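Colleague: A predicted structure for the sequence below; I have some questions about it.
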Amino acid sequence: MSEAPLLVATEAAVRHLTLNRPAALNSFTAALHAELLQALNDAAADPAVRAVVITGAGRGFCAGQDLNDPAMVDTGQGLDVGAVIERHYRPLALRVRSMPVPVVAAVNGVAAGAGANLALCCDLVVAARSASFIQAFSKIGLVPDCGGSWLLPRLVGRARALGLAMLGDKLPADEAQRIGLIWQCVDDDELPAAAAALAQRLAALPSRALAETRRVLDEAGTTDLAGALTLEAQAQRLLGSAPDFAEGVAAFKARRTPIFKDR
């Protein structure tokens with residue numbers, strides 16, 4: 001397998017990004033951060049890409065931060081973990097949540113710490129039955145990062161979020177699906193095909209509307225009903241004047257499959 005920390009491939013309209021440090025359970029280094037962020041920016045800028053899949057090579061999805069990476073080594077002047085968050089995890093989380101196309105996480109094994117929250121930043125998470133999610137931060141005296149503090153209570157509620165974050169227990173994929181943390185749990189041998197099929201399905205949908213759906217749902221969580229109705233009206237005004245809306249209506253009336261092109 002290539003020694004590149006990230007593998008990039010394209011299948012039809014789907015860009016596949018594979019974290020490629022299997023010997024270290026694909027844990028994050030500064031180099032992996034740089035390549036993943038660049039690959040996401042490249043996918044966002046490529047009009048031919050209509051969905052992205054992020055997965056891991058080997059037996060794990062991502063074990064979080066590699067504590068042996070030079071970025072995490074105390075040089076004698078003290079280790080500023082906050083600077084690592086600001087430099088690497090903040091731009092990564094914000095990039096995933098602002099992609100102009102849907103992002104699918106295909107979790108093929110353990111997703112721990114920032115690795116778990118990278119997956120949860122994605123729009124839809126499909127996990128192998130043997131996969132697990134671990135909020136491992138409390139075990140080393142830290143708090144959930146890579147957006148975990150924002151994501152967890154919104155996905156599973158405050159009580160479960162606190163339990164997952166404080167106890168740091170391993171959460172099996174089927175239980176993660178049951179409590180609404182992820183979208184789907186599938187048998188291990190079905191994961192690649194299931195993730196690819198889901199991404200292809202998303203790629204055939206109106207990308208701009210899907211990105212706006214993500215934005216409206218996220219922003220509605222911080223406002224009241226009146227504010228949410230305003231967000232909806234603003235989004236519908238924008239989308240209602242776009243070609244995909246006209247195509248969707250025309251296809252519905254003609255009883256044919258629509259061909260969406262907006263992005």
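Modeller: Alright, I've got the coordinates.
Colleague: Helix or strand with the lowest mean pLDDT in the chain?
Modeller: helix 81-84 (a mean of 88; mean pLDDT, DSSP states H and E).
Colleague: Any idea what Leu7 is bridged to?
Modeller: Leu7 has these beta-bridge partners by DSSP bridges: Thr18.
Colleague: got it, and Phe28?
Modeller: Gln65.
Colleague: Would you mind measuring from it to Ala127?
Modeller: 19 Å (CB to CB, to the nearest Å). For glycine as for every other residue, the C-beta is placed from the backbone atoms N, C-alpha and C.
Colleague: what does Pro192 give?
Modeller: Taking CB to CB, one finds Pro192 at 12 Å from Ala127.
Colleague: Helices along this structure, start to end?
Modeller: Along the chain, the stretches classed as helices by DSSP state H are 30-45, 81-84, 90-97, 114-121, 148-156, 158-167, 173-178, 191-203, 207-220, 225-240, 243-254.
Colleague: The fourth one packs against which elements?
Modeller: The one in question is helix 114-121. strand 60-62, helix 90-97, strand 103-107, strand 132-134, helix 148-156 (3 or more CB pairs under 8 Å, 6 or more residues apart in numbering; DSSP states H and E).
Colleague: okay, now the domains of the chain?
Modeller: 6-203, 207-254 (automatic domain parsing).
Colleague: For the ones you listed, give me CSV that also has mean neighbour count and distance to Phe260.
Modeller: Converted to CSV, these look like this (neighbours: other CB atoms under 10 Å; distance: least, CB to CB, whole Å):
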stretch, mean neighbour count, distance to Phe260
domain 6-203, 19, 9
domain 207-254, 14, 5
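Colleague: now those as CSV including distance to Asp262?
Modeller: Below are these laid out as CSV (distance: least, CB to CB, whole Å):
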stretch, distance to Asp262
domain 6-203, 10
domain 207-254, 4
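Colleague: for the ones you listed, which one sits closest to Lys261?
Modeller: Nearest to Lys261 among those is domain 207-254 (6.5 Å), distances taken as CB to CB.
Colleague: ok so, going back, which neighbours do Pro192 and Ala127 have in common?
Modeller: Contact with both Pro192 and Ala127 is made by residues Ala106, according to CB atoms under 8 Å, 6 or more residues apart in numbering.
Colleague: any weak-confidence spans in the protein?
Modeller: By pLDDT under 70, the low-scoring segments of the chain are 1-2, 73-78.
Colleague: Kindly recompute the last result at 80.
Modeller: 1-2, 71-79 (pLDDT under 80).
Colleague: Might one say that Leu32 is in contact with Glu3?
Modeller: No - applying CB atoms under 8 Å, one finds Leu32 not in contact with Glu3, separated by 12.0 Å.
Colleague: in terms of contact, does Val103 touch Val49 like I think?
Modeller: No - Val103 lies out of contact with Val49 (CB under 8 Å); the separation is 10.8 Å.
Colleague: Nothing else from me, thank you.
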